[in-house]
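Enquirer: How does the following fold in three dimensions:
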Amino acid sequence: MSADQTTTEHRLRGRLGTGSIVFMVIAAAAPLTVIGGNAPIAIGLGNGIGAPVGFVIATVVLLLFSVGFVKMTPHVKEAGAFFSYVTKGIDGRTGLGTAFVSLLAYTAIQVGIYGYLGWAVDDLVQHFGGPSIPWGVYSLAAVALVAVLGYRHIDLSAKVLGIALVLEIGVVIVLDTVIFATGGAEGIVWDTFDPANAFAPGLSVAVLFALTGFIGFEATAVFRDEARDPERTIPRATYLAVIIIGVFYCLSCWAMVVGGGRQGIVDLARATLAGEANMLTDMTGRYLGWLVQDIVQVLLVTSLFACVLSFHNVIARYQFALSRKGVLPARWGTVHPRHHSPAVSSLVQTVTATVIMVAFIIGGVEPLVGVFGSMAGVATVGMVLLMLMTSIAVLVFFRRHPSLREGHVVTTVLVPAAAVIGLIAAGWVVLSNFTLVTGGSVGLSVFLACLPPTVFLLGVVLGGGNRLAEARQEG
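Expert: Reported below is the predicted structural model:
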């Protein structure tokens, strides 16, 4: 067998277009979940009716990041997103540290969503008169279903995610349209964008939970090997994902403000946080009726499922790429002969998720604050660190290759530098409000916040003894 044949047989293959990849990424962002969960926190604990501005700021920061990310994409010939960019731009040691943080962040958010999903299914079943079953049963059932879909060809996952995504976005768009068309409770609340409200105390909380809602957007690059035309598909998918997610979040959060009224929405958001109401479903019932309200409760579950399926696919491909680099066991880099999927890596990810979920279940951890809150906190710190390191890698890469920088100073230097500044500010916002994310004590929050940088340093220390450390020179 020739070397070319071996390489081909060990590569993931697919024909994913821009639309399919955007579907995968937006599904990971779980838009319905963010409007139902993050938005009430941003409004109730943040800057009130100015909360939509938090999503605008987060979108701008991520667009700044995307410019350098996309500009460097043609020079990164392997899937792997953050760690591939950092390895190419800086060195293998730093790349391995980034890879470890990626695995930690994605695994954490996936486990957190499994906990949220178990709670949501139990709540849905009881809403329709069914029995109360421990949330862990539903979570483990979801793990099993995701395992089946993740093991098979990526196109199947893309179709499942596409259907779920169209439904959840569709119902929110209808709700937003009706609220704006009817004028909401008090007419269009233009005060949202008044500097006095937009930059009121609590804006940092709104930005924090807006950033949390974008976790997974950069996964466009993870599907490089399965993209129809990576050089064009990945950049397009990245920009589209950020813009679509950002506009959707901002408009939908603003629609909630218009629908509830200036003080009414703040009271409703705080009641939601106290467990006395549900801002999304209550608003849906008020403007679209009880039938659509019930449909939204069902779609919340499908949104969460689409989210964990998308993250499963991303983690499996991270592990696959690391295996191909000699960092993880070679067996994990096996491609299924029929499904052309990272089958072994997918199975490993299923086992990992199952073990962590069983530990939470046996420990009697509460699914929302205990599982989802703490794991979302770890993931948010990790993602900000990952984007910061990637933006630095973009600056270093183009500094080392001045010929590639000529005529493109704005996209290779100025914008990436602005992204670094924005991400440092975002990191401060996340850490200064970290107990709000985790829902835990200061001690627990400090421990969880330290996990991503600790894992990063571990990767850097271990980076000298594997082939990943040679990747930049080989590239």
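Enquirer: for the closest residue to Val446 other than its chain neighbours, what are its contacts?
Expert: By the measure of CB to CB, 6 or more residues apart in numbering, the closest residue to Val446 outside its immediate chain neighbours is Phe434, 8.0 Å from it. Where C-beta positions appear, they are placed from N, C-alpha and C, glycine not excepted. Contacts here follow CB atoms under 8 Å, 6 or more residues apart in numbering; on that basis Phe434 touches Gly377, Val381, Ser445, Val446, Leu448, Ala449.
Enquirer: between those residues, which is closest to Thr412?
Expert: Within the contacts of Phe434, proximity to Thr412 (CB to CB) peaks at Val381, which comes in at 27.6 Å.
Enquirer: I'd like to know how many residues surround the closest one.
Expert: For Val381, the neighbour count with other CB atoms under 10 Å is 25.
Enquirer: so it touches Val429, yeah?
Expert: No - between Val381 and Val429 no contact is recorded; they are 11.2 Å apart, counting by CB atoms under 8 Å.
Enquirer: now for the helix or strand encompassing Ile57, which elements pack on it?
Expert: Counting by DSSP states H and E, the secondary-structure element that holds Ile57 is helix 51-72. Secondary-structure packing of helix 51-72 (3 or more CB pairs under 8 Å, 6 or more residues apart in numbering; DSSP states H and E): helix 39-44, helix 82-89, helix 203-212, helix 230-260, helix 374-400, helix 415-432.
Enquirer: For it, buried residues please.
Expert: The neighbour-count criterion (16 or more other CB atoms under 10 Å) identifies 51-59, 61-72 as the buried residues of helix 51-72.
Enquirer: Compute the distance from the centre of that helix to the centre of its chain.
Expert: Mean C-alpha position of helix 51-72 versus that of the full chain (CA atoms, centre = their mean, to the nearest Å) differs by 14 Å.
Enquirer: again, but for stretch 418-435
Expert: On CA atoms, centre = their mean, the centre of stretch 418-435 falls 17 Å from the chain's centre.
Enquirer: For the stretch 101-250 of the chain, just list every one of the strands.
Expert: Under the criterion DSSP state E, counting those that start in this stretch, the stretch 101-250 of the chain carries no strands.
Enquirer: so where is the stretch 51-200 of the chain shaky, pLDDT-wise?
Expert: Within the stretch 51-200 of the chain, the stretches falling below the threshold (pLDDT under 70) are 79-80, 151-162, 164.
Enquirer: all helices for it, in order.
Expert: Along the stretch 51-200 of the chain, the stretches classed as helices by DSSP state H, counting those that start in this stretch are 51-72, 82-89, 92-127, 135-151, 154-182, 195-198.
Enquirer: Could you dump the ones you listed into JSON lines and include distance to Val410?
Expert: Rendered in JSON lines, the data for the helices of the stretch 51-200 of the chain read as follows (distance: least, CB to CB, whole Å):
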{"stretch": "helix 51-72", "distance to Val410": "8"}
{"stretch": "helix 82-89", "distance to Val410": "18"}
{"stretch": "helix 92-127", "distance to Val410": "25"}
{"stretch": "helix 135-151", "distance to Val410": "40"}
{"stretch": "helix 154-182", "distance to Val410": "33"}
{"stretch": "helix 195-198", "distance to Val410": "27"}
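Enquirer: just the ones you listed: most buried one?
Expert: Comparing the helices of the stretch 51-200 of the chain on average neighbours per residue, with mean count of other CB atoms under 10 Å, the densest one is helix 82-89 at a mean of 28.
Enquirer: show me the contacts for Val166.
Expert: Neighbours of Val166 in contact, by CB under 8 Å, 6+ apart: none.
Enquirer: just to revisit the earlier point, so which of the helices of the stretch 51-200 of the chain is nearest Leu304?
Expert: Distances from Leu304 to each of those were compared by CB to CB, and the smallest falls on helix 92-127, at 4.1 Å.
Enquirer: Correct me if wrong: Gly184 contacts Val258.
Expert: Yes - Gly184 lies in contact with Val258 (CB under 8 Å); the separation is 3.6 Å.
Enquirer: so which of the contacts of Phe434 comes closest to Gly97?
Expert: Nearest member of the contacts of Phe434 to Gly97, counting by CB to CB, is Val381, at 14.3 Å.
Enquirer: How much space separates that closest one from Val61?
Expert: 15 Å (CB to CB, to the nearest Å).
Enquirer: do Leu458 as well
Expert: 27 Å.
Enquirer: Repeat that for Ser139.
Expert: Distance, Ser139 to Val61, by CB to CB: 32 Å.
Enquirer: likewise Ala141?
Expert: Applying CB to CB, one obtains 37 Å for the distance of Ala141 from Val61.
Enquirer: For the helix holding Ile57, C-alpha coordinates in CSV please.
Expert: Listed in CSV are the C-alpha atoms of helix 51-72, where the atom choice follows Å, rounded to 0.1, in the frame of the first residue of the first chain:
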residue,chain,number,x,y,z
ALA,A,51,-28.8,43.6,28.1
PRO,A,52,-29.1,43.3,24.3
VAL,A,53,-26.0,45.6,24.0
GLY,A,54,-24.0,42.9,25.8
PHE,A,55,-24.7,40.5,22.8
VAL,A,56,-23.6,43.3,20.4
ILE,A,57,-20.3,43.8,22.2
ALA,A,58,-19.7,40.0,22.3
THR,A,59,-20.4,39.8,18.6
VAL,A,60,-18.0,42.6,17.8
VAL,A,61,-15.2,41.0,19.9
LEU,A,62,-15.7,37.6,18.1
LEU,A,63,-15.8,39.2,14.7
LEU,A,64,-12.5,40.9,15.5
PHE,A,65,-11.1,37.5,16.5
SER,A,66,-12.6,35.9,13.3
VAL,A,67,-10.7,38.2,11.0
GLY,A,68,-7.3,36.9,12.0
PHE,A,69,-8.6,33.4,12.4
VAL,A,70,-9.9,33.4,8.8
LYS,A,71,-6.8,35.1,7.4
MET,A,72,-4.6,32.4,8.7
